[in-house]
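[1] Sequence below, structure please.
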Amino acid sequence: MQREAAEIREEWLGRALSTLPADRPAAEAAISGLYRLIGLPPPRFHWVSSPVAALATVPPGVRLASSEAGDRISEWALPPRFSSLMRELCRELDAQVRWVHQPMDQMIRQVVRGSLSQSTTGSLLIPLRAAHDSRHRPGDAWYGTQCVSWVAHYDALRRVAGVVFTPEQTRRFELWAAAARSCGSWWPHDGVCVLSERPVAMHTEVWGDDGEVRLHRADGPAVRYTDGWEAYAWHGTRVPSWVITDPSVPRIAGEANVEVRRCAIEHIGWASYIDRAGLRLVAAAPDPGNPGSELRLFDMRGETRVLLAVNGSVERDGRRRQYGLTVPGSLDDPIAAAGWTYGLSAEQYSLLVRRT
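    Predicted structure coming up:
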């Protein structure tokens with residue numbers, strides 16, 4: 001049964017990451033049904049080519065209140081009503097599962113729901129957040145309502161565990177499922193709903209034990225839409241385009257965001273970056289937590305230093321990754337610096353059998 005659940009997870013993951021054109025009639029029919037469930041007539045539909053276009057677009061003939069600006073989704077009137085509708089349905093479906101199917105539910109929550117939630121966060125949520133640029137409230141709660149993870153969870157319960165939902169529960173569930181499989185994200189207003197087409201390109205990598213994926217592309221945008229809007233990502237972290245196209249030492253030195261700097265250095269390669277930047281070697285020592293590997297401590301100028309180490313575990317390609325960690329500039333001993341990254345003293349770190 002776990003294998004069947006994993007197959008359903010992959011089925012829904014494929015739908016979530018699809019780059020095929022949206023099935024507009026199916027999406028509009030499903031969302032119309034959801035509007036009826038909250039007591040509203042079907043809206044007029046306005047399709048756009050990307051999430052950034054959706055947030056910047058005011059549909060023709062529509063006057064939106066200031067509270068319905070793209071950076072204030074949490075204040076919109078309809079998303080909370082739809083989210084409440086979803087949560088109510090989940091409570092009802094959970095009641096159908098309780099007791100009899102509880103062990104199966106726990107397995108499916110882990111194999112299907114948890115895995116898909118991580119994959120969605122590491123892939124689809126990145127361009128949605130990027131579309132909000134630097135705005136403070138990008139509406140993650142609303143995007144979570146549209147996430148395929150909860151839909152796939154209950155779909156797997158029906159197909160794998162044989163849970164039977166009532167006809168009315170099935171009718172409501174199928175509206176959400178149809179919307180999830182038919183289009184990209186959508187943004188509901190009273191009388192009009194804005195929908196985004198899917199991307200035309202999406203590059204991901206597998207990184208988790210249960211097939212979780214995240215956005216990654218080392219030689220171009222990880223996501224691209226038909227209007228040319230695109231987003232870059234390095235191993236699941238959204239980055240500016242220069243991190244991928246021109247990760248130079250001067251750009252890295254001028255970057256304030258620590259995570260962006262880390263990604264750019266990883267793209268260059270820590271050893272190459274240290275050489276290009278002319279960092280001074282402070283000290284080197286065998287790594288007691290990773291026999292056969294060496295710890296090297298470099299001065300980065302200023303109040304920090306960088307510890308160059310080798311990963312204790314093997315990557316998917318069979319290699320051990322070399323990586324750097326910033327440590328306080330007051331540390332002169334590589335072993336003490338390695339211990340500091342774990343919250344240990346140099347002596348405690350030296351007693352480790354093997355780190356990972």
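[2] The chain: strands as residue ranges?
    Ranges of strands in the chain, per DSSP state E, are 44-48, 186-189, 192-196, 201-202, 204-206, 213-215, 223-224, 230-234, 237-239, 280-286, 294-299, 304-310, 322-328.
[3] I'd like these as a markdown table, with mean pLDDT and distance to Gln110 appended.
    Using the backbone N, CA and C atoms, a C-beta is placed for each residue, glycine as well. Below are the strands of the chain laid out as a markdown table (pLDDT from 0 to 100; distance: least, CB to CB, whole Å):
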| stretch | mean pLDDT | distance to Gln110 |
| --- | --- | --- |
| strand 44-48 | 96 | 36 |
| strand 186-189 | 94 | 29 |
| strand 192-196 | 95 | 30 |
| strand 201-202 | 97 | 25 |
| strand 204-206 | 96 | 17 |
| strand 213-215 | 97 | 17 |
| strand 223-224 | 98 | 28 |
| strand 230-234 | 97 | 26 |
| strand 237-239 | 95 | 25 |
| strand 280-286 | 94 | 39 |
| strand 294-299 | 93 | 36 |
| strand 304-310 | 90 | 32 |
| strand 322-328 | 87 | 29 |
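[4] quick one, which of the ones you listed is nearest to Thr19?
    Evaluated over the strands of the chain, closeness to Thr19 peaks at strand 201-202, with 5.7 Å, by CB to CB.
[5] Could you name the helices and strands sitting against that closest one?
    strand 223-224 (3 or more CB pairs under 8 Å, 6 or more residues apart in numbering; DSSP states H and E).
[6] contacts for the strand it packs on?
    126-127, 199-203, 215, 230-231, 233 (CB atoms under 8 Å, 6 or more residues apart in numbering).
[7] show me what contacts Ala233?
    126, 214-217, 222-223, 239.
[8] quick revisit: for PyMOL, what selects the buried ones among the contacts of strand 223-224?
    To isolate the buried subset of the contacts of strand 223-224 in PyMOL, counting by 16 or more other CB atoms under 10 Å, use the following:
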select buried, resi 126+127+199+200+202+203+215+230+231+233
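[9] Going by neighbour count, list what's buried in stretch 95-113.
    Neighbour-count burial for stretch 95-113, counted by 16+ other CB under 10 Å, picks out 96-97, 101, 104-105, 107-109, 111-113.
[10] Among the residues you listed, which one sits closest to Thr170?
    Relative to Thr170, the closest of the buried residues of stretch 95-113 is Gln96; by CB to CB it sits at 10.7 Å.
[11] give me the number of residues near Leu55?
    By the criterion of other CB atoms under 10 Å, Leu55 has 22 neighbours.
[12] Tell me where the stretch 151-300 of the chain has helices.
    167-182, 241-245, 249-253, 258-268, 270-277 (DSSP state H, counting those that start in this stretch).
[13] which residues are in contact with the third one?
    By CB under 8 Å, 6+ apart, the list of residues contacting helix 249-253 from outside reads 242, 261, 264-265, 268, 273, 276-277.
[14] give the contact list for the nearest residue to Gly122 once chain neighbours are set aside.
    Nearest residue to Gly122, sequence neighbours excluded (CB to CB, 6 or more residues apart in numbering): Arg214, at 3.2 Å. Neighbour list for Arg214: 119, 122-123, 204-205, 207, 233, 235-236 [criterion: CB under 8 Å, 6+ apart].
[15] and what of Ala178?
    By CB under 8 Å, 6+ apart, Ala178 lies in contact with 26-27, 29-30.
[16] shaky segments in the stretch 101-250 of the chain?
    Under the criterion pLDDT under 70, the flagged ranges of the stretch 101-250 of the chain are 101, 134-138.
[17] do that again at 90, thanks
    101-106, 132-141, 161-162, 207-211 (pLDDT under 90).
[18] for the stretch 251-356 of the chain, same thing?
    Ranges of the stretch 251-356 of the chain meeting pLDDT under 90: 253-254, 256-259, 261-262, 270-271, 288-293, 300-304, 310-326, 342, 346-356.
[19] run the last query once more with 70
    Using pLDDT under 70, the stretch 251-356 of the chain drops low at 302, 312-320, 353-356.
[20] any idea how far Gln322 is from Leu78?
    Going from Leu78 to Gln322 by CB to CB, to the nearest Å gives 50 Å.
[21] the more surrounded of these two?
    Set Leu78 next to Gln322 and count neighbours by other CB under 10 Å: Leu78 wins out with 19 against 15.
[22] and the more buried one, what pLDDT?
    Each residue has a pLDDT score; the one for Leu78 is 94.
[23] Name the nearest residue to it, sequence neighbours excluded.
    In space, Leu78 is closest to Pro188, 4.2 Å off (CB to CB, 6+ apart).
[24] That neighbour: how many residues sit nearby?
    With other CB under 10 Å as criterion, Pro188 counts 22.
[25] residues touching the closest residue in space to Ala16 that isn't next to it in sequence, list them.
    In this structure, Ala16 finds its nearest non-sequential neighbour in Val148, 4.6 Å apart by CB to CB, 6+ apart. By CB under 8 Å, 6+ apart, Val148 lies in contact with 12-13, 15-16, 116, 120, 180-181.
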